[in-house]
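> Task: produce atomic coordinates for the following.
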Amino acid sequence: MIRFLLFILTLLTVVNVSALEKVSVQLDWKYQFEYAGYIAAKEKGFYRDAGLDVELREYNAGIDVVTNVLNRKSTYGVYNSSIVINNGRIRPIVLMATYLQHSPLVIVAQKDIDSPASLIGKTIMGTHNEFQHSSLSLLLAHFGITPHNTRLIDHTFTIDPFVKGHVDAMSAYRSNQLYDLDRLKIPYEIIDPVEYGFVMNAGNLFTSYAETIEHPERAERFIEATNRGWVYAIEHPGEIIDILKKRYGVAKSYEALAYEAKVIQKLMMSDLYRIGETNAELTQRLFKQLIRAGIIREDQKLGQFLFHDIVASSQKSFPLSGSEKDYIAHKRVIKMCVDPEWHPFEAIKEGNHIGIAADVIKTFEQKLGIPIELVPTASWDESLQLAQKRQCDLLSLASPTPSRLKYLDFTSPYITLPIVMATTMDKPFIGDIATLKGEKIGAVKGYSITEKLKSLYPELQLVEVKTITEGLDKVQNGEIYGYIDNLMVVSSYIQKEYTGMLKVSSRLDDKVELGVATRNDEPMLHDIFQKLVSQMDDQTMQSIYNRWTSTIEQVAWIDKNKVFQALGILALIVAGFAWHTYQLRRYNKKLLELSITDKLTGLFNRQKTDQGLIEEHRKMERYADYNCSIMLIDVDLFKHVNDTYGHQVGDRVLQQIADLLKISLRNTDIIGRWGGEEFMVILPHTTKDQALNAAENLRECVEQFDFNLDFPITVSIGAGEMDRLQSVHENITRIDTALYDAKNSGRNKIYFAG
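Down below sits the predicted model:
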């Protein structure tokens, strides 16, 4: 009877296991505490509770983690970077979760090597991936360290070559090799990319696009169970260490694993990020740094890379017929021409399509699942010519005219606006422009408005110009009476460039209706984009409008009397709220102290700035009347400085701007290097108006400073008051969007996040 019961229990267990979905995870290193969350989820039954039978695959030499996952030999993988590159191209991984918000990857060097520049001519041991696309690769590229001037050798995955002096430096993890070096009392120096502005995360869980689209619900269960495993591992490190040693054969000592557990917990930064939270902002900044370092080809696009974003897009996909799906699959890429200067509708800046139409096209691109590629042009007339020659598949924003209908089809309009005329301030309001017989009126060559004017008002002397700016300049200089375009464009240019000089003096009866124009020799392309336009909802369009039509009034810096008043008030506030610095706990006197200083500029580094954000957010939660504002500052056209003068001059410019930040701001402000040529300033006890004053003062200081270069250096600033109802990450995302708007509105600007 007992045997029979045991047989039944065994049978039930087998049946239960067979009902679970089998998935696998390819790790990128040997079993250790770095994978504690996965091990806890498996050993404590969290994966089983989620309906999953999970195989954890330990890393072995020769395994390509990314290729295994993309070829679906493994369901999921763990990798040290959120971007993977092969021959300058981005590999299409989908980022599911991030568990180490700051990478533990550093360079350990012999005692006589105390800076990255000292590595030139030395022997460095590391992995191929670390040399190609990691924070180490960015650091080495910045300091001109290449295989031509330095010996780069494969990692042996032991510290022996370093201990014996066979290599001058090696890649290492703060959570791993440093413990062994310290235990053996081997002297060394640490060169950390974070201290030089190169910040990356690690412990990234990823999968393939195919797995994401085919099994999104299964992947979601895996993420949730893994997150649950990490919570358990952090709360019970001793138990997980015992499991690692007894069940997974980890030979490291208990003390070494306990050391690793403490470092891992610190790098997860749970005060700032939820366990497993992906940081799109950090990945986007990494992408820009890799582009600038020449590691990623300039024609590459980051595109969608977050699991939840891709799932959401796929679920919102619009229905296509079988023939339309075949057409898209065969097409592979759609080439697009645009108007290179038509703010705020669209423009080309630094080779990128920006503006209202650009945001609309991005939503279309996400739904289609194939890239819509920009074909750069110098004028709208050139774009029309390329469309006529079939070198462009579509125009992002256009109106039908008799001449265009010969080679283009048009969707329903997604923008409808009145047509107006701009004149100088002394001109009267004109009810009917037909009364301006004999006057010169400007309009852009090739615009549908221009064709309408020719047919409706033949008595006008129509002057065709290449761009809006040319037309408005002719009005301002008295060469023509007025310039005609749609209301939004004219108002935008007057507000930004011609305030007090030009005004809207007439509103025409006609309106401009703008949709997508597609080549008429491929009618299926028109049908697809007509569906896309038809499904554009009012809420999405309104948010896009708000993004590109919102502006701020730049407030001048306060005068001396106000400075003294502000300092007096500030002194009282500071006396009431004592400022204190958030200190990182020391797990080890030498090895576990993460530096708070950016080596290049002397400002706080990204890690210390993150801690400052946490502390200020806590104050806002604690005190209802506490205000704190934030500035994100980006050096305009900094790549041009490096390309023209080299990295040494670029570094000098960053140091000079850091000095200007220190001079222009208060001692109580937290000034940090956010990454690359971007800086963050945390302004305690500061309201919106005070932040705008400080930002304008800083912008002027940089603009007026002599950097001893052949072109001026300016900065763009995104500013915002911290919202206590939003998380720290949500606040930064909002202010980063304001910075993006400032740069894309012409640079050397300040935008305030609403």
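
> same for the helix or strand where Thr207 lies, what does it pack against?
Under the criterion of DSSP states H and E, Thr207 resides in strand 202-208. Secondary-structure packing of strand 202-208 (3 or more CB pairs under 8 Å, 6 or more residues apart in numbering; DSSP states H and E): helix 65-70, strand 76-79, strand 93-100, helix 216-235. Heads up, the C-betas are built off the backbone N, CA and C, glycines and all.

> And it, how far out from the chain middle?
18 Å (CA atoms, centre = their mean, to the nearest Å).

> quick check: angle from that strand to strand 93-100?
160 degrees (axes from the mean of the first three to the mean of the last three CA atoms, to 10 degrees).

> Give me the contacts around the host helix or strand of Lys245.
Element membership for Lys245, per DSSP H and E: helix 237-247. Residues from elsewhere that reach helix 237-247 (CB atoms under 8 Å, 6 or more residues apart in numbering): 31-33, 36, 39-40, 43, 232-233, 250, 252, 254, 257-258, 261, 265.

> Quick one: mean pLDDT for it?
Averaging pLDDT along helix 237-247 gives 96.

> now stretch 251-262
Summarised as a single mean, pLDDT over stretch 251-262 is 92.

> which parts of that stretch are buried?
Residues 252, 256-262 are the ones in stretch 251-262 that count as buried (16 or more other CB atoms under 10 Å).

> picking that back up, which stretch in the helices and strands packed on strand 202-208 is the model least sure about?
Among the helices and strands packed on strand 202-208, helix 65-70 scores lowest, at a mean of 89.

> Wasn't Glu616 part of a helix?
Yes. Applying DSSP: H, G, I helix; E, B strand; the rest coil, one finds Glu616 inside a helix.

> Isn't it up against Pro684?
Yes. With contact defined as CB atoms under 8 Å, Glu616 reaches Pro684; the gap is 6.2 Å.

> list residues touching both of the two?
Joint contacts of Glu616 and Pro684 (CB under 8 Å, 6+ apart) are 628, 670.

> tally of neighbours for His236?
As a burial measure, His236 scores 15 neighbours (other CB atoms under 10 Å).

> Ile614 versus the residue nearest to it when sequence neighbours are not counted, what's the distance?
Nearest in space to His236, with sequence neighbours left out and distances taken as CB to CB, 6 or more residues apart in numbering, is Ala40 at 7.7 Å. Distance, Ala40 to Ile614, by CB to CB, to the nearest Å: 26 Å.

> Looking at these two, which is more packed in?
Ala40 (27 against 13).

> who are the neighbours in contact with the more buried one?
Per CB under 8 Å, 6+ apart, neighbours of Ala40: 46, 229-230, 232-233, 236, 240, 243.

> Closest to Pro216 out of the residues you listed?
Set against Pro216, the nearest of the contacts of Ala40 by CB to CB is Phe46 (19.4 Å).

> how near is the closest residue to Tyr447 other than its chain neighbours to Gln388?
Leaving aside its chain neighbours, Tyr447 sits nearest to Trp380 (6.7 Å; criterion: CB to CB, 6+ apart). Plainly put, Trp380 is 13 Å away from Gln388 if you go by CB to CB.

> got it, and Met536?
27 Å.

> List the ones among the contacts of helix 237-247 that fall in helices.
36, 39-40, 43, 232-233, 254, 257-258, 261, 265 (DSSP state H).

> Skipping adjacent residues, who's closest to the residue nearest the centre of the chain in space?
The residue lying closest to the centre of the chain (CA atoms, centre = their mean) is Gln284, at 2.7 Å. In this structure, Gln284 finds its nearest non-sequential neighbour in Leu302, 6.6 Å apart by CB to CB, 6+ apart.

> do Phe162 as well
Met170 (5.0 Å).

> The one you found belongs to a helix, doesn't it?
No. Applying three-state DSSP, one finds Met170 to be strand, outside a helix.

> Report how many residues lie close to it.
Neighbour number of Met170 under other CB under 10 Å is 25.

> so where does Arg652 fall, helix or strand?
helix 647-664.

> If you count contacts, what does the helix or strand just after that helix end up packed against?
On the C-terminal side of helix 647-664, the closest following helix or strand by DSSP H and E is strand 670-675. The helices and strands touching strand 670-675, judged by 3+ CB pairs under 8 Å, 6+ apart, are helix 280-292, helix 606-622, helix 647-664, strand 678-684.

> Any idea which of the ones you listed gets closest to Tyr273?
That would be, of these and by CB to CB, helix 606-622, which comes in at 9.2 Å.

> Kindly export the closest one (C-alpha atoms) in CSV.
What follows is helix 606-622, C-alpha atoms only, in CSV (Å, rounded to 0.1, in the frame of the first residue of the first chain):
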residue,chain,number,x,y,z
ARG,A,606,26.5,59.9,-11.6
GLN,A,607,26.3,57.6,-8.5
LYS,A,608,26.6,60.5,-6.1
THR,A,609,24.2,62.6,-8.0
ASP,A,610,21.7,59.7,-7.9
GLN,A,611,22.0,59.6,-4.2
GLY,A,612,21.4,63.4,-4.0
LEU,A,613,18.2,62.9,-6.0
ILE,A,614,17.0,60.3,-3.5
GLU,A,615,17.7,62.5,-0.5
GLU,A,616,15.9,65.5,-2.0
HIS,A,617,12.9,63.4,-2.9
ARG,A,618,12.7,62.2,0.7
LYS,A,619,12.7,65.7,1.9
MET,A,620,9.8,66.6,-0.4
GLU,A,621,7.9,63.6,1.0
ARG,A,622,8.7,64.7,4.6
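
> Please compute how far it lies from its chain's middle.
21 Å.

> List of residues touching that helix?
Residues contacting helix 606-622 (CB under 8 Å, 6+ apart): 102, 194, 197, 199, 269, 271-272, 577, 582, 584, 594-597, 604, 626-628, 630, 670, 672-675, 680, 682, 684, 722, 724, 727-728, 731-732.

> Now, of these, which are buried?
Of the contacts of helix 606-622, these count as buried by 16+ other CB under 10 Å: 102, 194, 197, 199, 269, 272, 594, 596, 604, 626-628, 630, 670, 672-675, 680, 682, 684, 722, 724, 728, 731-732.

> Turn the helices and strands packed on strand 202-208 into a markdown table, columns for distance to Phe345.
Listed next are the helices and strands packed on strand 202-208 as a markdown table, based on distance: least, CB to CB, whole Å:
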| stretch | distance to Phe345 |
| --- | --- |
| helix 65-70 | 38 |
| strand 76-79 | 40 |
| strand 93-100 | 32 |
| helix 216-235 | 35 |
